[in-house]
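1. Here is a sequence together with a model predicted from it:
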Amino acid sequence: MSKHFWVILILFGIAVSLFSGTTEETAMAGVEAGKTAVNLVIGVVGGFAFWMGLMNIAKKSGLVGILARALKPVILFLYPETKNNKEAMENLCLNMSCNMLGLGNGATPAGLKAMKSLQEKNKEKQIATNAMCMLLVVNASSVQLLPTSIITLRSTMGSPDPACVVPAILIATAVSTICGIIAVKLCERLW
């Protein structure tokens, strides 16, 4: 269905370009958009590579383990089922750390590993546990202390102050995360 939509959209654009006599401008805009896309990808990949490498070093150096111990009270509040599951706790910590640094792509593997270790301890394999539901909510709404993805994108696109959005993002993500945690905790009590 979606491929039909895009084909129709492209054909409509070409038809409008032909009838309005702007085919040359349309072709030039397409080439320019391609250049912009390539420059954007190269700029973003550099930023992601730096932060992902830093997180990998943190994990291998044991810093994530130290962070996991520091975050243990928070993790145990959010995920009480992980009390005796060290692997899940470390992956949850890495997932939270990556999300807080705005590295959604880095958070995904840790989140998947955490979900897998939670599923291994799950007695009813067809039903998500409370910890699994909490992981989905916290991962989706995560507090962004340093939204590196947004800052990198804004910097790549030439923003004069790429980090000016940090306070707004911090407030918005904190509110969404708090609301999500409250909703999950209420649902845990109801069901």
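-> Perfect, I can see it now.

2. can you pull out the strands in the protein?
-> Shown for the chain, no strands are assigned by DSSP state E.

3. Chain neighbours aside, what residue packs nearest to Cys133?
-> Leaving aside its sequence neighbours, Cys133 sits nearest to Val184 (C-beta to C-beta, 6 or more residues apart in numbering; 5.6 Å). The way it works is simple: take the backbone N, C-alpha and C, and place the C-beta from them, glycine included.

4. Please list all residues in contact with the one you found.
-> Applying C-beta atoms under 8 Å, 6 or more residues apart in numbering to Val184 gives the contacts 130, 133-134, 137.

5. what do you get if the cut-off is 10 Å, keeping everything else the same?
-> Shown in contact with Val184 (C-beta atoms under 10 Å, 6 or more residues apart in numbering): 78, 130-131, 133-138.

6. for Asn139, same thing?
-> 92, 95-96, 98-99, 104, 107-108, 110-112, 114-115, 180.

7. Quick one: distance of the top helix by length along the chain to the chain centre.
-> Ordering each helix of the chain by length in residues (DSSP state H) puts helix 23-60 first. Remark: helix 23-60 is offset 17 Å from the chain centroid, using C-alpha atoms, centre = their mean, to the nearest Å.

8. Check stretch 99-111 too.
-> In terms of C-alpha atoms, centre = their mean, the centre of stretch 99-111 is found 5 Å from the chain centre.

9. Could you tell me which ranges of this protein sit under the pLDDT cut-off?
-> Flagging of the chain using pLDDT under 70 yields the residue ranges 1, 64-65, 68.

10. Chain neighbours aside, what residue packs nearest to the residue nearest the centre of it?
-> Nearest to the mean C-alpha position of the chain, by C-alpha atoms, centre = their mean, lies Gly104 at 2.6 Å. Spatially, and ignoring its direct neighbours in sequence, Gly104 is nearest to Ser149 (6.5 Å; C-beta to C-beta, 6+ apart).

11. Please give me every residue in contact with the one you found.
-> Ser149 touches 44, 47-48, 51, 101-106, counting by C-beta under 10 Å, 6+ apart.

12. just the helices in this protein please.
-> Taking DSSP H to define them, one finds helices in the chain at 2-20, 23-60, 63-70, 72-78, 86-100, 104-121, 130-141, 148-156, 166-190.

13. Next, the angle from the fifth one to helix 23-60.
-> Compare the direction of helix 86-100 with that of helix 23-60 by axes from the mean of the first three to the mean of the last three C-alpha atoms, to 10 degrees and you get 140 degrees.

14. quick one on the thing from earlier: just the closest of the contacts of Asn139 to Ile10, please.
-> For the contacts of Asn139, the residue nearest Ile10 by C-beta to C-beta is Gly104; the value is 29.2 Å.
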